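> just a sequence and a predicted model for now, questions to come.
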Amino acid sequence: MLDLKIIKENPEKIKEIIIKRGMNPKTSDVDALLAADEEHRAALVKVEALRSERNNLSAAIPKLPAAEKGAAVAKVKALKEELTAKESELNALAEKKNELWRAIPNLLADDVPDGGEDDAIEIKKWGDLPKLENPRDHVVLGQMTDTIDFERAAKVTGAGFYYLKREAALLEQALISFAMGKAIKAGFCPMSTPDLARDTILSGIGFNPRGPETQVYSIQDMDISLVGTAEITLGGYRSDEVLKLEELPLQFVGLSHCFRTEAGAYGRTSRGLYRVHQFSKVELFVICRPEESPAWHEKILALEESILQELKIPYRVINIAAGDLGAPALKKYDIEAWMPGRNAYGEVTSCSNCTDYQTRRLNVRFKNSEGKVNFCHMLNGTATAVSRMLISVMENYQNSDGSITIPEPLLPYMHGITTIPVRN
RNA sequence: GGAGAGAUGGCCGAGCGGCUGAAGGCGCUCGCUUGCUAAGCGAGUUUACUGGCAAAACCGGUAACGAGGGUUCAAACCCCUCUCUCUCCGCCA
């Protein structure tokens, strides 16, 4: 959530941001929040005064002569009833305020473009597109090489799942190891993370764990859900902690499975591995001091780029427009890799600076040099989303006969395999 | 899954119904002192919200002893539920 002080001091600016983000000003209602806050604080003052009175009277009771005790107890008892009623009013007001507060998105960086999904600004293009005659897409290539099986996955689990076989199964491990290695060299601490997390952590990161619009698989009768990304578990990792200044920045590179219901996503470009319910992902995550987060955002992007560059996969970097940003993000870069099968770029990574929006909910703080406690900033980025990376690797490295050459940087992880042969 | 024990401040560790936001120790910070990288003495040392104020400092209030409920005028302390940790047994990778 956003610092309430900022909202109070700049209500008009926040309203503009809500419009720019394409959010509903009736659902994200700044004026209602400010009113609810006033109301809540006024009630708080009253309740606290009553509590103070109760505490004082109560504390005096043991020193009273026996004859006066009965009357004093009765008096405090009456006060307590009044207090109980006022407290439940107060709780309702706090609830209302928090609900309104949670609906307010993060600020926007100055250079976030206006507009929606189609208004992202391309800030960089890298690499020459491969010259392929009649390129095949990864679904066809997967069939020809017998390395991806969607049909049987549909039988066993359902649509949107897949088996990776043979070289593709090895490629998954290779992509993970390669990305992990790059991140570790850049100072990130490797982590293998839980694939389930408590709903409170999910919502702290900004995921909605239950309800009709949820993207998340939840576990019945338990308050835990399957994670959609290791961002959730890495973000929750140090929740409710005050970090030491020397600990910062914390850099994690986490491997997890990612589970997404993709509710309402049908009909979009989703053939094959592009939009699936489960995939493996290597996630970069940084917890840092507030003043460092913009620089970290650039560093994470650079690391993501270096992975694609080494794999020699053409890509472009886009700066996501306000209307397409998640509520926690101040700014977001996506990298879209070239996917010859669709003759277009497709999103393979994403990195966001979420500033203190998530740390405020997850309560991740640090003690600064003056001993003051303040919220950290959090950033996340994709090192490798295996399923989508597999698309661009297979499609960019396909040969005219349908065989696939293993990219050179992945060879050390491929047990001597250099080419995926055609089998069907 | 069965039986038991436990969860207190940065750490260790008391307290088991009423000046206990929390003894004592360690650590840390500041000051003083000391002829020897150390020691001694004194003071300080949680956080959130909130009021005084527009803000900082400061002063006050409220809340927090794993979490949530309950009993009571009053709960770290009694009761219930949950979570987590440890020990033993069983089971299983």
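Yep, that arrived.
> send me stretch A:296-312 as PDB with only the CA atoms.
C-alpha atoms of stretch A:296-312 as PDB (Å, rounded to 0.1, in the frame of the first residue of the first chain):
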ATOM      1  CA  TRP A 296      18.600  -1.600  -9.000                       C
ATOM      2  CA  HIS A 297      15.800  -1.600 -11.500                       C
ATOM      3  CA  GLU A 298      18.300  -0.800 -14.300                       C
ATOM      4  CA  LYS A 299      20.700  -3.400 -13.000                       C
ATOM      5  CA  ILE A 300      18.100  -6.100 -13.000                       C
ATOM      6  CA  LEU A 301      17.100  -5.200 -16.500                       C
ATOM      7  CA  ALA A 302      20.700  -5.300 -17.600                       C
ATOM      8  CA  LEU A 303      21.100  -8.800 -16.100                       C
ATOM      9  CA  GLU A 304      18.000 -10.000 -17.900                       C
ATOM     10  CA  GLU A 305      19.300  -8.600 -21.100                       C
ATOM     11  CA  SER A 306      22.600 -10.200 -20.700                       C
ATOM     12  CA  ILE A 307      21.000 -13.600 -20.500                       C
ATOM     13  CA  LEU A 308      19.200 -13.100 -23.800                       C
ATOM     14  CA  GLN A 309      22.300 -11.500 -25.400                       C
ATOM     15  CA  GLU A 310      24.500 -14.500 -24.500                       C
ATOM     16  CA  LEU A 311      21.800 -16.800 -25.900                       C
ATOM     17  CA  LYS A 312      21.900 -14.600 -29.000                       C
END
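> contacts for it next, please.
The contact list for stretch A:296-312 (Cβ atoms under 8 Å, 6 or more residues apart in numbering) reads A:124, A:126-127, A:178-179, A:182-183, A:186, A:249, A:284, A:286, A:288, A:315, A:317, A:331, A:333, A:335, A:337, A:348-349, A:351-353, A:377, A:379-384, A:393, A:396, A:407-410. (Glycine included, C-beta is placed from N, CA and C.)
> take the residues you listed and keep only those in helices.
If you go by DSSP state H, the contacts of stretch A:296-312 have A:F178, A:A179, A:K182, A:A183, A:V393, A:N396 in helices.
> contacts only, for A:I121.
A:P113, A:I318, A:N319, A:A321 are the contacts of A:I121 under Cβ under 8 Å, 6+ apart.
> again but with A:E283, I slipped
Counting by Cβ under 8 Å, 6+ apart, A:E283 has contacts A:T229, A:A230, A:E231, A:L234, A:V253, A:G254, A:L255, A:S256, A:N380, A:G381, A:T382, A:A383.
> now what about the least confident helix or strand in chain A by mean pLDDT, what contacts it?
Sorted by mean pLDDT, DSSP states H and E, the helices and strands of chain A end with strand A:241-243, the least confident at a mean of 83. By Cβ under 8 Å, 6+ apart, the surrounding residues in contact with strand A:241-243 are A:L250, A:I287, A:N363, A:V364, A:R365, A:F366, A:K367, A:V373, A:C376.
> looking at those, state which has the most neighbours.
A:C376 (28 neighbours; other Cβ atoms under 10 Å).
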